[in-house]
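S.K.: Here you go, sequence then predicted model.
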Amino acid sequence: MIVALLHRLSEKLPRVVHRLSVMMKPQVVFVLGGPGAGKGTQCARIVENYSYTHLSAGDLLREERSRSGSEFGQLIDSFIKEGKIVPVEITINLLKKAMEETMKADEKKFRFLIDGFPRNQDNLQGWNTVMDGKADVKFVLLFDCGNEVCIDRCLERGKSSGRTDDNRESLEKRIQTYLQSTRPIIEQYEKQGKVRTIDASRSVDEVFADVKNILEKEG
Ligand SMILES: Nc1ncnc2c1ncn2[C@@H]1O[C@H](COP(=O)(O)OP(=O)(O)O)[C@@H](O)[C@H]1O
Ligand SMILES: O=c1ccn([C@@H]2O[C@H](COP(=O)(O)OP(=O)(O)O)[C@@H](O)[C@H]2O)c(=O)[nH]1
Ligand SMILES: [Mg+2]
């Protein structure tokens, strides 16, 4: 009886050790897609249904922009309006701090949706330099949507968002940045077989049904 119990325990040990090591390391899903593709909306739905913490790089930058005493406020403000990507040194610090604070407050919160990052090569290099070995990137959730739909959604959002970049002039630039700088990053992850693409031009519910399938398959 005792021998059988010990045998069963020893069989389970490797899995327990694996689970513990994973629990201590942040497990990350990068959420990408053009401006207005629905990244934020879908992340909110995921958080309601699964144990993920949503970190939007854009939200963290906007927060930093309005923090009194921030030395980066003006830089962030002009980069956002111009649809340009803020130097990674700023963004990665905000992301790292948010991840650390989340895990410190609750050690069970080690799964993260990192929304709107990495957007260019500089972002990716910064992530690899600062987070190498410290977090596992499980996969990239890509919300795929035509440019016109993206622009229309952002213009609609602009009626109430108060965002300085939800206007036609900034949007043209954001779309160009997405095509020129972010798509190549997605292609790099595609070569590694890490991209899960969803047709984001459909309704929120239809898109979320696909998100659920992917999350359940990935475990
Ligand atoms: N599937 C959808 N169909 C129609 N409108 C959507 C859909 N998903 C999001 N929206 C709306 O489009 C705008 C952009 O969505 P958001 O989630 O903020 O996108 P992103 O974070 O990718 O810029 C918001 O006003 C949102 O309510
Ligand atoms: O890692 C990031 C994420 C966002 N941004 C800036 O913040 C803006 C808004 O990003 P957000 O993800 O909030 O926009 P969304 O795609 O959700 O509309 C971008 O256009 C960039 O100027 C950035 O520089 N680095
Ligand atoms: Mg967003």
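M.R.: Everything's here; your move. Ligands and ions are numbered 1, 2, ... in the order given.
S.K.: separation between V130 and F112?
M.R.: 15 Å (C-beta to C-beta, to the nearest Å). Where C-beta positions appear, they are placed from N, C-alpha and C, glycine not excepted.
S.K.: for T91, that is, sorry about that
M.R.: 14 Å.
S.K.: same thing with S66?
M.R.: 23 Å.
S.K.: Now do the same for the closest residue to D152 other than its chain neighbours: helix, strand or coil?
M.R.: Once flanking residues are discounted, D152 sits nearest to G36: 7.6 Å by C-beta to C-beta, 6 or more residues apart in numbering. Counting by DSSP: H, G, I helix; E, B strand; the rest coil, the backbone at G36 sits in coil.
S.K.: which ones are touching G36?
M.R.: 145, 149-154, 157 (C-beta atoms under 8 Å, 6 or more residues apart in numbering).
S.K.: so which strand or helix has the one residue in the chain that gets nearest to ligand 3?
M.R.: Nearest to ligand 3, among the residues of the chain, is G40, at 3.6 Å (C-beta to the ion). Taking DSSP states H and E as the definition, one finds G40 inside helix 39-49.
S.K.: Show me which residues of that helix are buried.
M.R.: 39-43, 45-46 (16 or more other C-beta atoms under 10 Å).
S.K.: would TSV of these with pLDDT be doable?
M.R.: As requested, those are exported to TSV (pLDDT from 0 to 100):
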residue	pLDDT
K39	99
G40	98
T41	98
Q42	98
C43	98
R45	98
I46	98
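S.K.: quick one: the host helix or strand of A209 to chain centroid distance?
M.R.: Following DSSP H and E, one finds A209 within helix 204-218. Centroid separation between helix 204-218 and its chain, computed with C-alpha atoms, centre = their mean, to the nearest Å, is 16 Å.
S.K.: Touching it from outside, list them.
M.R.: 38, 41-42, 45-46, 49-50, 138-139, 141, 143, 196, 198-200.
S.K.: Residue of the chain closest to ligand 2, please.
M.R.: Residue nearest to ligand 2 within the chain: G58 (1.9 Å; C-beta to the nearest ligand atom).
S.K.: still on that earlier bit, between T91 and F112, which is the more surrounded one?
M.R.: Taking neighbours as other C-beta atoms under 10 Å, T91 and F112 compare with T91 leading, 26 against 23.
S.K.: which residue sits closest to the more buried one in space, ignoring its chain neighbours?
M.R.: Excluding the flanking residues, the one nearest T91 by C-beta to C-beta, 6+ apart is A57, at 5.5 Å.
S.K.: same deal with Q176?
M.R.: Ranked by C-beta to C-beta, 6+ apart and with sequence neighbours excluded, the top spatial neighbour of Q176 is G83, at 7.2 Å.
S.K.: A helix includes the residue of the chain closest to ligand 2, no?
M.R.: Yes. Counting by three-state DSSP, G58 is located in a helix.
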